[in-house]
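>>> Everything below, folded, please.
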Amino acid sequence: MFKKEIVIFYPSFENGGATENLINIINFLLKKNFKINLLSHSAKKKYFVKSKNLKVISLRKKFP
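Predicted coordinates:
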């Protein structure tokens, strides 16, 4: 079986229903061995299940 990779862009990581749903979806996909790249302004890994398949990319820095 091959690994599936998902890139998620979620610019505003604030408290709310949509953010809670995103956290639940990402945790579910991590348990199913998906590789996830999350691009967000203020997301932290502490919200998610510990996994080597999760990469959180901060948008605080400017991209070239």
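>>> Burial check on residue 13, number of neighbours?
19 (other CB atoms under 10 Å). To be clear about C-beta, it is placed using only N, CA and C from the backbone, and glycine gets the same treatment.
>>> pretty sure it belongs to a strand, no?
No. Going by DSSP: H, G, I helix; E, B strand; the rest coil, the assignment for residue 13 is coil, not a strand.
>>> For residue 49, see how far away it is.
17 Å (CB to CB, to the nearest Å).
>>> show me what contacts residue 43?
10, 13, 56, 58 (CB atoms under 8 Å, 6 or more residues apart in numbering).
>>> where's the last one relative to residue 29, distance?
Spelled out, it's residue 58. 20 Å.
>>> ok, now the first one?
When CB to CB is the yardstick, residue 10 and residue 29 sit 14 Å from each other.
>>> same thing with the second one?
In this structure, residue 13 and residue 29 are 17 Å apart, going by CB to CB.
>>> how about the helices in this structure?
Applying DSSP state H to the chain gives helices spanning 17-31.
>>> lowest-confidence helix or strand of it?
Lowest on mean pLDDT, DSSP states H and E among the helices and strands of the chain sits strand 54-58, with a mean of 88.
>>> who's in contact with that strand?
26, 30, 35-45, 48.
>>> Name the residue in residue 58 and residue 29 with the higher neighbour count.
Legend: neighbour count by other CB under 10 Å for residue 58 and residue 29, higher for residue 29 (19 against 12).
>>> show me the contacts for the most centrally placed residue in the chain.
By CA atoms, centre = their mean, the chain has its centre lying nearest to residue 38, at 3.6 Å. By CB under 8 Å, 6+ apart, the contact set of residue 38 is 8, 10, 26, 54, 55, 56, 57.
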